[in-house]
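K.L.:
What follows is a predicted protein model with its sequence.
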Amino acid sequence: MKTVLLDLDGTLLKMDVEQFTRYYFGLLANYFADEFDPKTLVEAVTKGTYAMIKNDGTMSNAERFATVFRQYFDADPENDKFHEFYRTEFKKSIKACMIDDDGRRLVDALKARGYRLILATNPLFPQEGTKQRMGFVNLKLDDFAMVTTYENCCYCKPNIAYYQEILAKIDEKPENCVMIGNDVDEDMVVKQLGMKTVLLTDCLLNRHDKPLGFDHVMTIKELIAKLEQTDFIL
């Protein structure tokens, strides 16, 4: 293995995704209450997110989101106030996460092994929003060779094309990669490409009760401990 792809939400940053989403929508609605009707804003962001998940590669996820958002409001979701929201108010969403040092320790353990690291987080957020969530567990953009955001991707999980887009950008073959994530549907789909898989069970998502037939199934602490053993190979 040369390259390790890592999910963020529920993997390096422990959280209940539904709880986090509710908290995020609340912050967003309160911050823009003087400009946008809160209920309509949540609907616009929800529909825009769904459009990104269904994106077909003909435009970036950011462009796809903006196209839907402008159907609701005469405003650009890339304007300064939205950027300011992600720089400031969005930080409060840390309250909806379970903060520890496991994510940082895992990244350090993988770096010590010499792997090239890709943060393969579902690209539904702008870079600033992704950067803030990374910061909750003391991770930085330069810890990774690539970080997927809605600006630099044209697909989303669980579309296999999202992973193919990453592989094309980093010029790597799937058999030289391993994906570490917590979501059976969104992360472990890479098995279809011939990529190795590590399913972390701390915040396991398995919506359809699929069998866990992956290369490794363990907690993040167990993976860190194994990486510290010289005979363990991903």
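P.N.:
Everything's here; your move.

K.L.:
ranges for the strands of this protein?
P.N.:
Assigned by DSSP state E, the strands in the chain fall at 3-6, 14-15, 97-98, 116-119, 146-147, 177-181, 196-200, 216-218.

K.L.:
chain center to the first one: distance?
P.N.:
How far strand 3-6 lies from its chain's middle: 12 Å, per CA atoms, centre = their mean, to the nearest Å.

K.L.:
So for it, mean pLDDT?
P.N.:
Confidence for strand 3-6, expressed as mean pLDDT, is 98.

K.L.:
Kindly report the same for stretch 64-80.
P.N.:
Mean per-residue pLDDT for stretch 64-80: 93.

K.L.:
19 is where my numbering starts, stick with that
P.N.:
Will do, 19 is the new start, and the previous item becomes stretch 82-98.

K.L.:
Give the buried residues for it.
P.N.:
Residues of stretch 82-98 classed as buried by neighbour count (16 or more other CB atoms under 10 Å): 82-84, 86-87, 90, 93, 95. For every residue, glycine as well, the C-beta is placed using N, CA and C.

K.L.:
Please narrow the residues you listed to those residing in helices.
P.N.:
If you go by DSSP state H, those have 82-84, 86-87 in helices.

K.L.:
Tell me which other helices or strands the helix or strand of the chain at the bottom of the mean pLDDT ranking touches.
P.N.:
In the chain, no helix or strand scores lower on mean pLDDT, DSSP states H and E than helix 98-105, which sits at a mean of 94. Judged by 3 or more CB pairs under 8 Å, 6 or more residues apart in numbering; DSSP states H and E, the packing partners of helix 98-105 are helix 35-49, helix 145-153.

K.L.:
quick one: it to chain centroid distance?
P.N.:
Here helix 98-105 is found 19 Å from its chain centre; the criterion is CA atoms, centre = their mean.

K.L.:
Check stretch 110-119 too.
P.N.:
15 Å.

K.L.:
Other residues contacting it?
P.N.:
31-34, 37-38, 40-42, 45, 150-151, 154-156, 221 (CB atoms under 8 Å, 6 or more residues apart in numbering).

K.L.:
Okay, the residue most central in space within the chain and Thr248: tell me how far apart.
P.N.:
Geometric centre of the chain, nearest residue: Thr139, 2.0 Å, by CA atoms, centre = their mean. Noted for Thr139: a distance of 30 Å to Thr248, by CB to CB, to the nearest Å.

K.L.:
Show me this structure divided up by domain.
P.N.:
Domains of the chain are assigned by automatic domain parsing as 21-33+116-245, 36-112.

K.L.:
Please list all residues in contact with the residue nearest to the centre of the chain.
P.N.:
25-27, 148, 151, 165-166.

K.L.:
if we go to 10 Å?
P.N.:
Going by CB atoms under 10 Å, 6 or more residues apart in numbering, Thr139 touches 23-31, 148, 151-152, 162, 165-167, 175, 199.

K.L.:
Make TSV out of the strands of the chain and add distance to Lys228 and mean neighbour count.
P.N.:
Below are the strands of the chain laid out as TSV (distance: least, CB to CB, whole Å; neighbours: other CB atoms under 10 Å):
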stretch	distance to Lys228	mean neighbour count
strand 21-24	20	24
strand 32-33	21	22
strand 115-116	24	16
strand 134-137	24	21
strand 164-165	28	20
strand 195-199	14	26
strand 214-218	10	23
strand 234-236	12	15
